[in-house]
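Chemist: My questions are about this predicted structure, shown below with the sequence.
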Amino acid sequence: MEPKSAILDDREVMTLEAFADTIIPGERRGPHDRAVAGAAAGGGAVASGAIDLMTSEEGGLAGVLPTLAAGLDEHARDWAARRGRTLEDGVPAFAALGFDDRTALAATLMAPGNPERELWVPLAMFSVMAWDTGASQHTTDALAGGHPGLIAMGFTPPGADGLWRFPDFSYRKVLATVHPHTTESGDPA
Amino acid sequence: MSRNDSTDVVVIGSGFGGAIPAYRLAAGGARVEILERGPWLTGDDFDHDFKFGSSSTRAFEFTMGDGMNVLGGNCVGGGSVVYFAAMPRAPRYVFGRRGGIGERMWPRTIDRDALDPWYDMVAESLPITRQDWDDVTYSGGLFAAACSRAGRTANPVPAAIDRDRCTNCNWMMSGCRFDAKRSLLLNYLPAAVVHGARIRPLHEVQRITRTGDGYRVHYNTVDEVDYRVVTGSGTIDCKLVVVAAGAAATPVILQRSEEDLGAMPEAVGRYFSGNGERLNTAVVDEDKVRELLKLDRGDGRAYEAYQIGKGPVCASWDKLDGSLPEFSRYSLEQLYFPPGFGTILAQAPEAAGPTWFGTEKKEMLRRWQSWLTIFIMSEDDNEGVFGPPPETGNADRVSQQMLSRGALSYRPSADTRAAWKRADEDVRDILERDGLARVMPWNDEVIGAYTVHPLASCRIGDDPETSALDDTHELRGHPGIFVTDGSAVPGALTVNPAFTIAALAERAVPGIVAAAGRRGLPVRYVAEPPPSVSSSAWARTADR
Ligand SMILES: Cc1cc2nc3c(=O)[nH]c(=O)nc-3n(C[C@H](O)[C@H](O)[C@H](O)COP(=O)(O)OP(=O)(O)OC[C@H]3O[C@@H](n4cnc5c(N)ncnc54)[C@H](O)[C@@H]3O)c2cc1C
Ligand code: SF4
């Protein structure tokens, strides 16, 4: 089988996918999907290209991803041990945690005062951005390809030349009284 | 590769604080070199695209700090290229602010009356125009109608936008593809080039040292795609230096220069203000928009128009009231932030689980077209302090472009937090009446506070203990170095700051001309407005 990423092994991919899915959850890609927990309808961060964005050369995170994946799994094992959860063998620990546990663990890792939050917050940001900007692709391509996040948000597609224009943009009526001290130039006094 | 050149004046940074003196000094006969760390992008370079590597990351900078994160421009034209062009003047009371230091922050020579002629000059040059209700977008109109229903006033905000060209595409933060936004690429910068100024993009200034009769500015050149990669270095000798790298960068350059130039004033790298900035995002109930506000787009939709527009166009100025005590004055401005920056910290109202990520956040995002974001500009207490500068640049770059980690730390005082809370409550009062919307402030725990309006990190003032510059913008103890960007503004303005930064830069020019004269440079003061051009590509072509 083709490896899923040129710079990560499949276990690392699965862990990072599970993290991305915790940030913007989505539906499973198939019956055996372990990384995506299926906690929400429609594609989530994973289906929106989270791994592509994390591993992109531009993003600058690629080099630290194996360390981050290992860190997540270690935290997950620790979390499970303390709560008496058994984690399935052969599945990376973070992916093996249930969705509620993943969510609570992610919240803890990114909580104010957590010394490691500087590692996890950027990973979460990339996960959100994968879903709501599709930044690993051109936006026009993402929309044309049915990008789950942009489509779910109702992001209006561009015109034929790939640019956005909104000729109708205003209710075109007076909607409030302006401040009584507004100056001639329209400024506050 | 290393070069050594000389000129009369080096200007560091090409935003408002840099472009304005650059034009006037060049027009007055000075040889001017403008060093800008970012690329020189124009018209067609401004992509409608979120992809990493498009203009949305090439021209933009997001510097994470400890408790304060700064967003700004990284390109020729600086913040004017990526900003929203909302340009109100600062209200009169601002100039009498005292803040936590308990004494007047602004020099006695500057108040609104003194600044008005300089504001006029900038308004004519960009130009800035008064907006009317036909210019107000759906989201601005929605906010106005909600204000009105709550017994408040609301104003269309003056803007530096050419209304005939603007397509309301809302890609402001990637630069304006249609040259509708009146950025500095259309006025001061081309005018500077006409008068012989040279703009050097991808030149990142590191430090300033002294020469026999002036200064030497040291820079690195950086790769046009991967800004982490240094491609060369050089120096330029000059008589005068204008530092205008923006409030997140100017103090870093000066701190790094201390080793050679000698001690900097105490206030360099202190008193940073985020302009009391804070955001709230509401999700509106479309039926209530129709029912309570009687709004209709004419196609069956009441609103669902968050994506449409040109950033902020409408503001409520009821609390810009000088009779109120400090820390209770603020403006509320409707705003659009694109996905990414504009969504990450927004919080799902009534969430039982995490508010800023997870299932409930995703549900909130699905209703994105029904969002309304309100921007609070209040009074903070200049809490920001810069730690030691990084080895090179202004901050350690994480990504090839856009993302870096800097040395700014910020702990909001009780007064600042109280101001935010009052404004948050006010937003809720306006928008949640009768179930019109549900609103939450952005999360301020995940990364701390954030600002697109960095100010005051090297400020003007009368007291040498609490200000780095005198009222002519000259750096105390270092004659011939002037600071004319947002770092010179003494504190939060309770409105968008670029107009005030620009007016102060205009006001500083006669003093810089006088300093040039004292150094034997035959420079005169030129008062004519810069001729305006209609294409941002014009100056880049003329420069070749
Ligand atoms: C998204 C966004 C929207 C905004 N909207 C508005 C608005 O609607 N109204 C408003 O009033 N204000 C707005 N602002 C703020 C406004 O853009 C800034 O207040 C203004 O640009 C500051 O001017 P400045 O001269 O201080 O710095 P800047 O405009 O930031 O210019 C500084 C320049 O110096 C360069 N530089 C930095 N370090 C170095 C170095 N070491 N060497 C060489 N060059 C360097 C930077 O790349 C930049 O080009 C907005 C800002 C952002 C980010
Ligand atoms: S909204 Fe108008 S001014 Fe802003 S980028 Fe689009 S066309 Fe330019």
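Modeler: Alright, I've got the coordinates. Ligands and ions are numbered 1, 2, ... in the order given.

Chemist: what about the strands in the stretch 1-150 of chain B?
Modeler: B:2-6, B:9-12, B:32-35, B:60-66, B:68-73 (DSSP state E, counting those that start in this stretch).

Chemist: any idea which residue sits dead centre in the chain?
Modeler: Since no chain was named, I'll use chain A. The C-alpha lying nearest the average C-alpha coordinate of chain A belongs to A:S127 (CA atoms, centre = their mean; 2.1 Å).

Chemist: ah, I was thinking of chain B
Modeler: Most central in chain B under CA atoms, centre = their mean is B:H453, positioned 4.4 Å from the mean C-alpha point.

Chemist: name the element B:L332 belongs to?
Modeler: Assigned by DSSP states H and E, B:L332 belongs to strand B:331-335.

Chemist: Show me which residues of the helix or strand just after that strand are buried.
Modeler: Reading on from strand B:331-335 to the C-terminus, the next helix or strand found by DSSP H and E is helix B:359-366. Across helix B:359-366, burial judged by 16 or more other CB atoms under 10 Å in any protein chain shown covers B:T359, B:E360, B:K361, B:K362, B:M364, B:L365, B:R366. Yep, even glycine has a C-beta here, placed from its N, CA and C like the rest.

Chemist: where's helix B:359-366 relative to the chain centroid, distance-wise?
Modeler: Chain-centre distance of helix B:359-366: 30 Å, with CA atoms, centre = their mean, to the nearest Å.

Chemist: is chain A contacted by it?
Modeler: Yes - shown here: helix B:359-366 in contact with chain A (CB under 8 Å from any CB of the partner chain) through B:T359, B:K361, B:K362, B:E363, B:L365, B:R366.

Chemist: and what of stretch B:180-192?
Modeler: No - Stretch B:180-192 lies out of reach of chain A by CB under 8 Å from any CB, never closer than 10.9 Å.

Chemist: The closest residue to ligand 2 within the stretch 1-150 of chain B: how many residues sit nearby?
Modeler: Residue nearest to ligand 2 within the stretch 1-150 of chain B: B:A85 (6.6 Å; CB to the nearest ligand atom). Using other CB atoms under 10 Å in any protein chain shown, B:A85 has 27 other residues around it.

Chemist: And the closest residue to B:A159 other than its chain neighbours, what's its pLDDT?
Modeler: In this structure, B:A159 finds its nearest non-sequential neighbour in B:A85, 5.0 Å apart by CB to CB, 6 or more residues apart in numbering or on different chains. pLDDT, B:A85: 98.

Chemist: Distance-wise, check B:A85 relative to B:N187.
Modeler: Distance, B:A85 to B:N187, using CB to CB, to the nearest Å: 13 Å.

Chemist: Check B:R507 too.
Modeler: Relative to B:N187, B:R507 is positioned 18 Å away (CB to CB).

Chemist: who's more crowded, the two?
Modeler: Shown here are B:R507 and B:N187; by other CB under 10 Å, B:N187 has more neighbours (26 against 22).

Chemist: All the helices of the chain, residue numbers only.
Modeler: Since no chain was named, I'll use chain A. Here chain A has its helices, by DSSP state H, at A:10-23, A:50-55, A:65-83, A:93-96, A:99-109, A:117-132, A:139-144, A:148-153.

Chemist: wrong one, I was asking about chain B
Modeler: Using DSSP H, helices in chain B cover B:16-27, B:55-58, B:79-82, B:112-125, B:138-149, B:188-194, B:250-261, B:286-293, B:359-366, B:414-431, B:498-518, B:537-543.

Chemist: tilt between the longest one and helix B:112-125?
Modeler: In terms of direction (axes from the mean of the first three to the mean of the last three CA atoms, to 10 degrees), helix B:498-518 departs from helix B:112-125 by 90 degrees.

Chemist: Perfect, I'm done here.
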